[in-house]
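>>> build the 3D model from these lines:
(chains A, B, C and D)
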There are 4 protein chains.
Amino acid sequence: MISCPILPDVQANRPAVPINLTRVGVTDVKKLVILKRENRDPVTLTAVFDIFVDLPADRKGSNLSRNLEAIDETLTETFKMTSYDVENICGFVAENLLRHHEYAGRAEVRMRSEYVLDRRSPVTGISREQFINIFSEAVAERGTGQDHLIRKTVGAEVMGMTACPCAQSMMAETAENKLRELGVEEEKIRIFMENVPMATHNQRGRGLISVRTTDVKASLLERIIRVIEESMSSDIFEVLKRVDEREVVEHAHKNPKFVEDCVRTMAKKIVDSFPELSDDSFVTIRQINEESIHRHNAFAERIAELGDIRAELRNNA
Amino acid sequence: MISCPILPDVQANRPAVPINLTRVGVTDVKKLVILKRENRDPVTLTAVFDIFVDLPADRKGSNLSRNLEAIDETLTETFKMTSYDVENICGFVAENLLRHHEYAGRAEVRMRSEYVLDRRSPVTGISREQFINIFSEAVAERGTGQDHLIRKTVGAEVMGMTACPCAQSMMAETAENKLRELGVEEEKIRIFMENVPMATHNQRGRGLISVRTTDVKASLLERIIRVIEESMSSDIFEVLKRVDEREVVEHAHKNPKFVEDCVRTMAKKIVDSFPELSDDSFVTIRQINEESIHRHNAFAERIAELGDIRAELRNNA
Amino acid sequence: MISCPILPDVQANRPAVPINLTRVGVTDVKKLVILKRENRDPVTLTAVFDIFVDLPADRKGSNLSRNLEAIDETLTETFKMTSYDVENICGFVAENLLRHHEYAGRAEVRMRSEYVLDRRSPVTGISREQFINIFSEAVAERGTGQDHLIRKTVGAEVMGMTACPCAQSMMAETAENKLRELGVEEEKIRIFMENVPMATHNQRGRGLISVRTTDVKASLLERIIRVIEESMSSDIFEVLKRVDEREVVEHAHKNPKFVEDCVRTMAKKIVDSFPELSDDSFVTIRQINEESIHRHNAFAERIAELGDIRAELRNNA
Amino acid sequence: MISCPILPDVQANRPAVPINLTRVGVTDVKKLVILKRENRDPVTLTAVFDIFVDLPADRKGSNLSRNLEAIDETLTETFKMTSYDVENICGFVAENLLRHHEYAGRAEVRMRSEYVLDRRSPVTGISREQFINIFSEAVAERGTGQDHLIRKTVGAEVMGMTACPCAQSMMAETAENKLRELGVEEEKIRIFMENVPMATHNQRGRGLISVRTTDVKASLLERIIRVIEESMSSDIFEVLKRVDEREVVEHAHKNPKFVEDCVRTMAKKIVDSFPELSDDSFVTIRQINEESIHRHNAFAERIAELGDIRAELRNNA
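Next up is the predicted model:
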């Protein structure tokens, strides 16, 4: 149903309505992606791709089966490479699309998949694989000669736990009043409250970071995941022994965070952890909390060039 | 693409493979449903219907456009009735299907929708509509004469909040030890712990009850919703003022529940609240907790005739 | 879990990480919306809202319960208005948000819902309600005095049918060759092929148009829906009699369209149908075809200012 | 939030409401599953598990972390086996659950995943991986001694293409009338109509087969997938060259099928292809067509013991 390669001239025909199309392509193409890695086992991902090129006003159709050939060709080539990483797949496919579609000025490739990392429970150290939603994107603009400008985006969404500071401070007030009423000394109350975090509502939160840049490094994705994990009240786990569970709950309650706090913590950690990223790197930082006391979600987001965030931290320090 | 009414004889033809079909029909048919109610405003629901009849081995097709006519005819008729309720719509449509499909021995109708109820926040009493997932079903078996046996199912899924008793008891142990270490007297510790519930992980839970019976009463659905709401650690709300939020968090933490406890509480309340339901009423009681410390969910379920649950409560008392 | 109004000063406190947030708010808030209309019955929509304000770097939290109050207050007010339309709800809520959050410079409101329209089958004229996905958005920037700049977006996604011109031309070639082989005269072949459209793959397609502008008119939405319906190979229906079904299939096959054609047809119709929209109105035009011969979808999209599309049509004519 | 192993006696305590629970467990547990195969590369699946045991009325909780241990232990063991297959994973886990939960009388394990098969386009033979939804289930009932009764279910859902015979016969009538009107001889009309299939609506269809039996064989799943693929109007593909596309469209239109026909064809093929399955094997056969002329779907289903279907085919032959 996309214009298909019936006879070369049909696709190249002038269309009845001669306007440009921003993107034409195929979506929801599922592929196995095998990442070879130095000194580590290869990783197999099931990835879903969306693949587009632009289409000039004087061209009826876009020979879309070429998109599927471009992705297959690229994956076949890259599967033979040893040092090859998830951050760059979309870029390889986008460049290949420009080779296959000589009329196109821009090619876009989006990929979403799940990444598996080993994580250990905090006390007993039980190791389990964690599945993490990842995504990447590349936009290649045709340049002069062989060189195309390619901007790449890579990111992840990680589930964790957030505990509300507001409800906790109200519960703490109740506890302090009760201890006071029972005649416990102020100093003891202070020590108790400092050491034992009070109840509050807590819930699953989902942190997301994406970084768009022209200089993506191979190790960016795993470091992004780590930043997200460390920016909520607590990381979460698949298997927890009794002592692990106590540790997770206590840690989360000693580290309560508003939805706004999670985004700002991620922003701070990005600035601290990625000094190599250029100021014009474009970042999206988002937190969604599946509030346990509401049916709706809490949401906070910062979208900016990294240089702006760096400047705000400097200027407001 | 379902066999359509091209010429009467085509549908009535013997098929190439002469086997019975359990159900043939249409799914995901969206309709507006208007419920007139005595002394109250009418309620408009957006409902999605699945509609089926069985098909004998000697019949190629099932004239499926008749299903859509049956539902339209039924809804038109029922919209004129004054005392008419969500519990009985599917039954009306199922009977109508048997009239339209003279070859069918059984007709099935399933409906899912959202029901809106006013709920007040616990302290300040702010009133807000709550949207609740509801569903109903009817199976009509062709009887002799005009009377068909109709079994009807009605149910709801309600979101609430659950707080874990296990993590809470560990946090309570920590608190008691700290107070003891600070030299607070045992009696004061006891009073404090009785009055101030300690922290634990809590989360969104989803309780579900469905009841299948031949004697559905109009008021069954709203009472089912109330039972589910009251069986978790706390009901949840769309708008909470500061004092409401404290109350919800405190109430939930004073009422911690395992996923198993939620199901058993619902079972007990069903036995207590619906003495009029016959012993052969078939109930499904389910709780799913979206654990804030895990990526996976906790699940518990009881599926049984109401008579069996009544007997267990009597015998194990 | 969003920063809540514990004590006024807590929200207004400087946060530990002093950076601006692009948007803070609540998502997935479900509300009943009642649209009063002149000379027509009121319409009840179940709408899901996302509501945001920006947050300056020197402010810890955003008193999010105020968002829910703003939406409730707005809906209550607007329900009393007689001439009031779906295109403007989000704008009213966004303005109200700026009143409630004095520190915010920008407020954003998004709504998604389903709209019901009566549609008649093409031959027998059976009337049925069709459910159509609609959405709207408003972004209000705080201005000087009482006047805020508000940009509003309104749009719809409509399901229809698309038939592939490429496969059809191959099937036509097969048919012509067969008639030629049977000795049928060329002139008769020509007339036959002109009158009887040959087979091809066809499928559900989803067309989408959204328009962002500062001068939204009340009647925009229903006209957008009509443009989408008329830009695929055929509109689709809930109930079709035999002669209706023949007409739909024949009409679709006489009107085959690539995914690119659907977008370009919508673009042309927007230019023709909305002369009143200013050149800086920003339009998104998208078509997704759920290809019956593939597991993946075909996709085409144009995103541009309306002035650019107008210019392309003029210049390329 | 499921009752967790705080102190052995807490779980073993009598609950406040002493009723049995049908199933208690965890859902949506994601795991990597590695299938070693003789003479073939190992297969890696991302599988989602639901794991349950029943819970007697006199027991408060079910030590649910043991479920996660049972699945990990089982997967670790099975990963070391050479001849091991997807049809039996759930059975291994279910047996292991009975070992871990000494109080349980029944254990249930459900798995859903995606299976990848190579498929070649019909003319040019381009090979591409196809992703197919698969699922399996095992229910183990505690027996005397070491032997438990285990019933296993395995199945798949495959997407294909269906073309409507009813609309096609109407379009054929139109074509015949036109040829007659043009004076083409009846014999030539007959030959033309026999060789060139006329237009009709066609769409994505989803066929599903599941088989529950006590004697699951390793090769069952791939054969089930093949039966589903061959029971619609045409299989579908990821990449099609021009001649492939013509072949798919022509094949589908020469092989039009009602939703009822797809189910009956699957039933016949199951009887023919699986003579080794016992009469008490329980089969579900389902077809859902995403009708291109409607917003709703067409649905047909047969649920029966295999012996009943065999008898119907014999008796109605």
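
>>> and the helix or strand hosting A:Ala107, is it in reach of chain D?
Take DSSP states H and E as the rule and A:Ala107 turns out to sit in strand A:106-120. Yes: counting by C-beta under 8 Å from any C-beta of the partner chain, chain D is contacted by strand A:106-120 at A:114, A:116. Where you see a C-beta, it was placed from the backbone N, CA and C, and this is true even at glycine.

>>> which elements pack onto that strand?
For strand A:106-120, the elements it packs on are strand A:21-37, strand A:40-55, helix A:89-100, strand A:127-141, helix A:220-229, judged by 3 or more C-beta pairs under 8 Å, 6 or more residues apart in numbering or on different chains; DSSP states H and E.

>>> tell me what the shortest one is packed against?
This means helix A:220-229. Packed next to helix A:220-229, using 3+ C-beta pairs under 8 Å, 6+ apart, are strand A:106-120, strand A:127-141, strand A:149-163, strand A:202-213, helix A:259-273.

>>> count of neighbours near A:Thr27?
16 (other C-beta atoms under 10 Å in any protein chain shown).

>>> what sits against it?
The contact partners of A:Thr27, taken as C-beta atoms under 8 Å, 6 or more residues apart in numbering or on different chains, are A:50-51, C:288, C:296-299.

>>> what's opposite the closest residue to it other than its chain neighbours in the beta bridge?
Excluding the flanking residues, the one nearest A:Thr27 by C-beta to C-beta, 6 or more residues apart in numbering or on different chains is A:Asp50, at 4.3 Å. Taking DSSP bridges, one finds A:Arg110 as the beta-bridge partners of A:Asp50.

>>> hang on, A:Asp50 packs against A:Gly25?
Yes: using C-beta atoms under 8 Å, A:Asp50 makes contact with A:Gly25 at a distance of 6.8 Å.

>>> these two: which has the busier surroundings?
More crowded of A:Asp50 and A:Gly25, by other C-beta under 10 Å: A:Gly25, with 31 against 21.

>>> does A:Cys17 touch C:Glu260 like I think?
I think there's a mix-up here, since residue A:17 is Val and not Cys. No: applying C-beta under 8 Å as the test, A:Val17 and C:Glu260 come out as separate, 9.4 Å apart.

>>> tell me which of the two has more neighbours.
C:Glu260 (29 against 21).

>>> in the sheet, who's paired with the nearest residue to the more buried one once chain neighbours are set aside?
Among residues not flanking C:Glu260 along the chain, C:Ala300 sits closest, at 4.9 Å (C-beta to C-beta, 6+ apart). C:Ala300 has these beta-bridge partners by DSSP bridges: A:Val24, C:Gln287.

>>> burial of C:Ala300, as a residue count?
A count of nearby residues for C:Ala300, using other C-beta under 10 Å, gives 28.

>>> now do the contacts for it.
Taking C-beta under 8 Å, 6+ apart, we find C:Ala300 in contact with A:2, A:21, A:23-25, A:55, C:259-260, C:262-263, C:286-287.

>>> repeat for A:Ala172
A:193, A:198 are the contacts of A:Ala172 under C-beta under 8 Å, 6+ apart.

>>> let me know the pLDDT of it.
Looking at A:Ala172, its pLDDT stands at 97.

>>> please apply the same query to A:Ser113.
Here, the pLDDT recorded for A:Ser113 equals 96.

>>> for A:Leu277, same thing?
For A:Leu277, the model assigns a pLDDT of 94.

>>> quick one: secondary structure of it?
Using DSSP: H, G, I helix; E, B strand; the rest coil, the structure places A:Leu277 in coil.

>>> run a quick neighbour tally on it.
A:Leu277 sits with 20 neighbouring residues when counted by other C-beta under 10 Å.

>>> if I look at it, how far off is D:Lys36?
42 Å (C-beta to C-beta, to the nearest Å).

>>> out of the contacts of A:Thr27, what pair is the most spread apart?
Greatest spatial distance in the contacts of A:Thr27: A:Ile51 and C:Ile288, 13.9 Å, computed using C-beta to C-beta.

>>> the residue of chain A positioned farthest from its centre in helix, strand or coil?
Most distant residue from the mean C-alpha position of chain A: A:Gly183, 51.2 Å away (C-alpha atoms, centre = their mean). Here A:Gly183 is recorded as coil under three-state DSSP.

>>> neighbours of the residue nearest to it when sequence neighbours are not counted, just the number please.
Nearest residue to A:Gly183, sequence neighbours excluded (C-beta to C-beta, 6+ apart): B:Lys188, at 7.4 Å. When counting by other C-beta under 10 Å, one arrives at 16 neighbours for B:Lys188.

>>> and what of A:Arg310?
Quick note: A:Arg310 (other C-beta under 10 Å) scores 18 neighbours.

>>> so A:Thr44 touches D:Thr44, yeah?
Yes: counting by C-beta under 8 Å, A:Thr44 touches D:Thr44, with 5.2 Å between them.

>>> picking that back up, name the residues contacting each of A:Asp50 and A:Gly25.
Common contact partners of A:Asp50 and A:Gly25 (C-beta under 8 Å, 6+ apart): A:108, C:299.

>>> what sits up against stretch A:275-286?
Outside of stretch A:275-286, the residues within contact range by C-beta under 8 Å, 6+ apart are A:155, A:207-215, A:217, A:263, A:266-267, A:270, A:274, A:299-307, A:309-310.

>>> got the residues of chain A near chain D?
Counting by C-beta under 8 Å from any C-beta, the residues of chain A close to chain D are A:4-6, A:29-32, A:44, A:46, A:65, A:68-69, A:72, A:114, A:116, A:128-129, A:131, A:238-242, A:245.

>>> derive a PyMOL selection command for the buried subset of the residues you listed.
To isolate the buried ones among those in PyMOL, judged by 16 or more other C-beta atoms under 10 Å in any protein chain shown, type:
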select buried, chain A and resi 4+5+6+29+30+31+44+46+65+68+69+72+116+128+131+238+239+240+241+242+245
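
>>> thank you kindly, that will do.
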